[in-house]
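# what shape does this take:
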Amino acid sequence: MMTDLLAYIGPVVGAWTTMAVVFLGVGVSVRRAFGLRQYGARQLLILPLIGWCIAVAFLQIWHFFLPVDQRALVVVAVAGMVGLAWNWRDLWNVVTRSAWNSAIVVATFLLVAIWLANQTTNQPQNYDSGLYHLNAVRWAHSYPL
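All right, here's what the predicted structure looks like:
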């Protein structure tokens, strides 16, 4: 049973980790483009969200001209990796001098990620999902911009 659980949860946690790293790279690039190079552990929690917002805005514009497919994924991933490479020294300094080294913090984030991944692998429990949420996804897939 535990191996079945990990077979479903492991890829979700891995995908979330990969996306968080890519969006962190996009976020630090945006912050650096505006001339803000000094940041601490608190900003490391916000930078992936900034990167996600920028990626969503980029993908909205991309969708006007091309379908969002593997090409868009590659563009966002390369932008994130370039951002990480461009800012690796600053990121390393923040990670080595902050509370991120605490095993309790890392363990807490890992447990929360595992719990959330377990929740996302369940069937939709929201009453509205069958009424319009899933239909909206089907519509967006069937009739792209």
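
# state which helix of the protein is the longest.
As assigned by DSSP state H, the longest helix anywhere in the chain is helix 2-33.

# just checking, what packs against that one?
Here helix 2-33 touches helix 41-65, helix 70-86, helix 88-97, helix 103-120, going by 3 or more CB pairs under 8 Å, 6 or more residues apart in numbering; DSSP states H and E. In short, each C-beta sits where N, CA and C put it, glycine included.

# can you redo those helices as a markdown table with mean pLDDT and distance to residue 29?
Output for the helices and strands packed on helix 2-33, formatted as a markdown table (pLDDT from 0 to 100; distance: least, CB to CB, whole Å):
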| stretch | mean pLDDT | distance to residue 29 |
| --- | --- | --- |
| helix 41-65 | 87 | 8 |
| helix 70-86 | 92 | 3 |
| helix 88-97 | 77 | 11 |
| helix 103-120 | 79 | 23 |
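
# please tabulate the ones you listed in a markdown table, including the columns distance to residue 140 and mean neighbour count.
A markdown table is the format used below for the helices and strands packed on helix 2-33 (distance: least, CB to CB, whole Å; neighbours: other CB atoms under 10 Å):
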| stretch | distance to residue 140 | mean neighbour count |
| --- | --- | --- |
| helix 41-65 | 10 | 15 |
| helix 70-86 | 15 | 15 |
| helix 88-97 | 35 | 13 |
| helix 103-120 | 19 | 12 |
